[in-house]
Structures are given as structure tokens and as C-alpha cells.
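Asks: next come a sequence and a model predicted from it.
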Amino acid sequence: MPNPFVLNTTNREDLSIMSIEGYLDAHTAPQFEEKLQAEIEAGRTRIVVDCSKLSYISSAGLGVFMSFIEEIREHSGDIKISGLAPKVRHTFEILGFHDIFDLLDDVQAAVKRFEDKPTREV
Amino acid sequence: MISLGASRLEALLESAQLLHSSLDLDDLLRHLLRSVMGRLLVSKALIAVESGGEMRLALVRGLPRLKAGEVYSEDDARACGVEYVFPIGEERHPVGTLGIGKPINKEINEEEIEFIKALLGLAASGISNARAHNETTRLNQELDQKVQDLRTLLDLVRGFNSTLDPEGVARLLSLTLTGHWAIRKHAVVAWREGHPPASRAKGIELPPLEHIKLQIADLPEAARTNDLPESELSVKLISQGAELVLVMRSGDAPIGLLALGPRPGGLPFTASDMEFGAALAAQAGVAFENSWYFRETVERKRLEQELSLAASIQENLFPAALPRLAGCELAARNRPARQCGGDYYDTLPVAASTDRHPHLLCVADVSGKGLPASLLMSNIQATLRALLGRIPTLTELAAHTNELLYATTPSNKYVTAVLVQIDPVRGNIRYVNAGHTDCLLLRADGEAVWIQATGTPLGLIPGMPYSEGSLELHPGDVLALYSDGVTEAQDEQEDEYGEQRLADFLRPIAHESAETIVDRIFAEIDRFAGAAPQYDDITLLVLKRLSDVEE
């Protein structure tokens, strides 16, 4: 595999910063789903997903974001997505995800957005 | 031609630049309306734009009864206070219409009308450009969407190829569809006989599987719930907020259902979306089938391994060699119906193992098959061996064995057994028949004596008493202990072989050796069964009394 999927989570106060790398597709989406689920089950619902090293996302990968967003926002949390490369951002936009999620330039901007706007209307 | 003053020419020039620098239709129309309203000091104005052969209101100011998006009618507009109406572009095929109310404090003079016409002439080409641009953008978006559809399908098929369990297939399918359409509420369920259903849901509760199965047959591959004929299923789906249903099939038979909630921003499911959904559902149908097939193959392999393990346990349970008994001949054979059966026979010395000492002969039929049956057999063998010699009578041996098996095995496991203790020197047998099929002692003179049940099967009911029978053996007598596979063997008409046929067959061959008698009876059962399949194990133990033995 030329671009394996790598996932790292770091906790910063009450924020979880999950950085995902490589290919997030039907093959790797279940891994991401399990990690995200584990965060929520641990009561951590303020999540930044840093995509600056993400080279590809498929619909199945985007499905993971949809799977939890309602639950997270019901708990006044949110998923903010940061650092999308133009090609990956294009996929988010074609499928309408920019209307549902805050897409930020980098982790810092995402962290700041949590201060200004901790959650969004579903 | 009325010439325009310098300030108007300047305004026109500015507008021309603005109108042609923007490819955004909304911006352009807003600028146009602002210019007109500011220049002429009107407070009521509208612009309608031609779209699909109709004029539709695009921008409305100061006319609260008119709404953008509605079909434009000049009469309505005039009724609301529009005084002047101008075509935008060619009068015969205008790209739009401008309507304005009465200017505040003055009438519109001819110069101003010329100004408006000039402005609208400029706007017309701007509007055409913007619309062409919009159309291109829309086509590009459509193309992007199609490309994304294909990517999604390809990605899903790849994912399915590496997913071996049905729950994994359900998960991939649901992640992919919810991601592709940015949907939150959804439910998926797929089923197959002999497997638990695979399902996954968020925010939509499907009706019970039995109801789905009854009502799904007539559904198309993909349908909007609002287009479904009214049924319990469609009402339930709509009440749960499902907008689209997809049906997965294997051949013609439905094997699964997907219900999807609304897309964000009220986006509809288009015909091309439904086509895409149906293609995904078709792929998922195949993936579910494969995963079940895989699971069945694994299960079959596991069963085969278990059976071969059970068979090797059983092989070790049967005595490696039969004992020699004074004045007697002994032969025995077991033939399982499949790799591994439920019959068992054994020969055990009661105290010492010389040919003059008493021996226990046992034929037993264990409930069930496979590994559990083998373990039960091994259990009864260990029990008999442990108790034999310590327990003075056969009836107590049976009663103890009954208690022990009852205590150590599940209540649905039991053993029927005939236990025969032979004393080769005294030439007699004592027996207990614990719920086993009748066995036969054929006297030398041809009389058939049946060894019938003297108690219940072992391990079935605790505390049951067993009674004992005894018979003298004389030279030429043949004792046949067997499992019900002998007397219940069926022919093609499903007639059973039965006890009478066995006695009648044995009578003329009773002079043969015990070994030959066993051979002949097996051959006879096969002849009787013909082409009928045999599901039961066959076990036969023959003891032939050759002569009396001196004490």
C-alpha cells in the first residue's frame, strides 16, 4: 500500500485532536469509526480532525463524520475539520459537507473556532 | 434619438464595466436594480428573468405582494403599483423584464427612458454571459458528481472485496451511503436463512423483519418512500423519516432493505441518485451473499474437523480386540451412517480377564451425533469401567450409571444400552436392557427369545429402578445384541426390517460362525435397504455358544 492510513489522537484540555493521514476509504473507514466512537464513549465530544496529511477521502470516510455528528452536537460538542488539501476539500464540497461542518485552515483556527462557536445547529 | 447628458454617459460606462465584470447573475441583477432605482428615485422595482420558457421574478423591491421565484405576470405587477415595464434585451425574445413604480416627486422623461434602455441593452448581454457561465458551472458540477459517484462505487466494491463478515458489509454500505449523500438517519438490514440478520441503524427504526419480508417482494430496487403504494411498511418508513428505500436482491429474492433519511438542505433524491443507489444496493447484495457463503464454508470446515476428531475418539473407544470366552465365539462390528455416529459396543472383564471369568457385553446407542455423542460415549465407557467389579449386581451397575450420567450430562443427552453379563463356565447370562431396542437370543431349536427393556434409558431420569433378567445358554444358541439400525433399517417403500425378519433370517444360518453370521446380517440389511439411504448407524455383536464348559 503506497499510502497507508495512520491515525493519531492527542488530547488538549477538553479537546481531542485526531490527525488522520493517507487514504481514508472503505478499507480504512472502519478503523476511524472505531476510534471516533471510543472518543465519544469516553465523553470527549469536542473533536478537531486534522486532515493536513490526508491524501484521499472516499464517501465511506465521509460517512464516519455523518455517523456521529448528531450525537456529538446533542452533547454540545462538535467535529471541526482542519487543513484539507485542495483535492480533498473538493470532495467535501461536491458532497455538500461544507454546509454541515466547519472546515478550517489549520488546527489552530479549529481550536479557536471552538471558543467562538462550540457547536452548530444540526 | 435623444442624446444622453455627460453624467448619464458616465453612469452607463460605470455600469457597463460592472455588468460585464461579474459572472454571478445575482450580483449583476442586484447592481442593475440598484442603478435604476438610484438614478430614477423609484421605491418599487422588480426584475424577472426568462427561465425554461417562463418569466420568473428574480428580484423584487418595495412590492411586498410579489415574491422572488414566482412566475411573473405584467397584470399582477401593474396591480401592485408597477408603472413602467421594459424588456431586457430584444423586444421579441427578451432575456428578462424590468418593472418600476412611479418615481418619487416626478415623471420619467424621455431622456431617462433612453438611459434605461441603454442600460438594459448592456445588462442583456451581461445576463446572457452570466447564464452561460452558470450553465457551464452546473454542467461541471454534474460531471464532478458523476465522477464522485463512480469513485464511491469503486471504493465500495474494493472495500467489499476485503470484508468477510455480513456486519462488515452492512457497516461499509451504511458509511458509504451516508457519506455520499451527507445523510444522518438511515437503517440497513440483510438476512439469510440460518444466519442472524446483519443490521445497522441510526435514527430510523425498521419494522420487525417478518413484516419486511412479507411486504418487500413488490418493491422496486430504488424508490422514494412517498412514491410507494400505501402499505404498513411504507407508512412505517415514512413515519420514521425515511425518504428513499433501496432493496437488495439475490437473483429475484429480496435479501435486504436500506432506508435513508433526508439529505441536508432539502436536496431531493434525483432519478440519477436512485440509479446510483440501486447500483450500490446490487453490489451490496452480492457482498452479503459472499460473506454468508464464506461463513458457511468456515462453519462446514469446522464441523468436518469436529467430526474427524469425534471419529478418532470413537475409534479408540471400541475394543481393539474381542476377548476369548470359553465355549463361546464372539464377533462384533459397527458401521456408522456417516463419518461419526452414535452407537457404541464394548466387552469388559468383570473381575479377571481370563476366558473362564465373567465378562460384560454392552451395546449402546447414544443420543445425538458428532463430538457431543463421542464425548458421551467416552463418558459411559469410563463410568462402566470404573464401576464394574466394584458393584455386585447388574441392576446396581445400571442404576449407578444412570445417576452418574444424569448428573454429568445435559438433560437432553442419554444412552440406551443393553448390558449382558456372561459367565462362560456356568453357561448363563444375566442382562439389563436400559430402554434399548429388543435383542434376540435364538435357541438352537429355532425358538426366538427377546431380550426386552427392563428399565429406562441411562441418564434420562434420576432414581429409576432397573430389573435384571437371566437366561441359560446351550450349545447352538446365538445371542444377537444390536442397535436399532438393524431392525429399523428401511427399504425404498420405507418399510422397516423388523424383529421377525431378523429371527427368520438368522434361523437357517445359525450354524455358521459368529463372524460369518455378522457378515451375513450386514449383507442382508444392505440387500433389504436397496437404494434407500440409511441414516442410522448399525452395530451388531453376536455371541455363539459352541459347547458346555467343565467347571
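Replies: Perfect, I can see it now. Residues are numbered from 1 along each chain as shown, chains lettered A, B, ... in the order given.

Asks: now the helices for chain A?
Replies: A:29-41, A:59-74, A:86-94, A:107-116 (DSSP state H).

Asks: so what does the second one touch, helix or strand wise?
Replies: Going back to what we said before, that points to helix A:59-74. helix A:29-41, strand A:78-82, helix B:110-161, helix B:166-181 (3 or more C-beta pairs under 8 Å, 6 or more residues apart in numbering or on different chains; DSSP states H and E). Bear in mind the C-beta positions are built from the backbone N, C-alpha and C, glycine included.

Asks: which single residue of the stretch 251-400 of chain B ends up nearest chain A?
Replies: B:Pro264 (5.7 Å; C-beta to the nearest C-beta).

Asks: reformat the helices of chain A as a markdown table; add distance to B:Leu361, mean neighbour count and mean pLDDT.
Replies: Shown next, in a markdown table, are the helices of chain A (distance: least, C-beta to C-beta, whole Å; neighbours: other C-beta atoms under 10 Å in any protein chain shown; pLDDT from 0 to 100):
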| stretch | distance to B:Leu361 | mean neighbour count | mean pLDDT |
| --- | --- | --- | --- |
| helix A:29-41 | 61 | 17 | 93 |
| helix A:59-74 | 67 | 23 | 92 |
| helix A:86-94 | 79 | 16 | 93 |
| helix A:107-116 | 83 | 15 | 93 |
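
Asks: tell me who's in contact with the closest residue to B:Asp423 other than its chain neighbours.
Replies: Distances taken as C-beta to C-beta, 6 or more residues apart in numbering or on different chains put B:Pro358 closest to B:Asp423, at 4.7 Å, once the chain neighbours are dropped. By C-beta atoms under 8 Å, 6 or more residues apart in numbering or on different chains, the contact list for B:Pro358 reads B:Pro349, B:Val350, B:Ala351, B:Gln421, B:Ile422, B:Asp423, B:Pro424.

Asks: mind redoing it with 7 Å?
Replies: B:Val350, B:Gln421, B:Ile422, B:Asp423 (C-beta atoms under 7 Å, 6 or more residues apart in numbering or on different chains).

Asks: now do B:Glu447
Replies: Taking C-beta under 7 Å, 6+ apart as the definition, B:Glu447 has no contacts.

Asks: tell me the confidence at it?
Replies: Reading off the confidence values, B:Glu447 has pLDDT 96.

Asks: and if you look at B:Gln339?
Replies: Per-residue pLDDT puts B:Gln339 at 62.

Asks: can you check the one 10 residues further on too?
Replies: Model confidence at B:Pro349, given as pLDDT, is 91.

Asks: I figured it hits B:Asp355, correct?
Replies: No. In this structure, B:Pro349 is not within contact of B:Asp355 by C-beta atoms under 7 Å, at 9.8 Å.

Asks: export the helices and strands packed on helix A:59-74 to TSV and tack on distance to B:Arg65?
Replies: Shown next, in TSV, are those (distance: least, C-beta to C-beta, whole Å):
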stretch	distance to B:Arg65
helix A:29-41	50
strand A:78-82	41
helix B:110-161	24
helix B:166-181	38
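
Asks: of all these, which lies closest to B:Thr97?
Replies: helix B:110-161 (9.6 Å; C-beta to C-beta).

Asks: picking that back up, among the contacts of B:Pro358, who's most crowded?
Replies: When neighbours are counted by other C-beta atoms under 10 Å in any protein chain shown, B:Ile422 leads those with 25 neighbours.

Asks: tell me the phi and psi of that one?
Replies: phi -110, psi 140 (degrees, to the nearest 10).

Asks: so it is in contact with B:Arg356, correct?
Replies: No. Applying C-beta under 7 Å, one finds B:Ile422 not in contact with B:Arg356, separated by 11.4 Å.

Asks: quick check: beta-bridge partners of B:Met248?
Replies: B:Gly256 (DSSP bridges).
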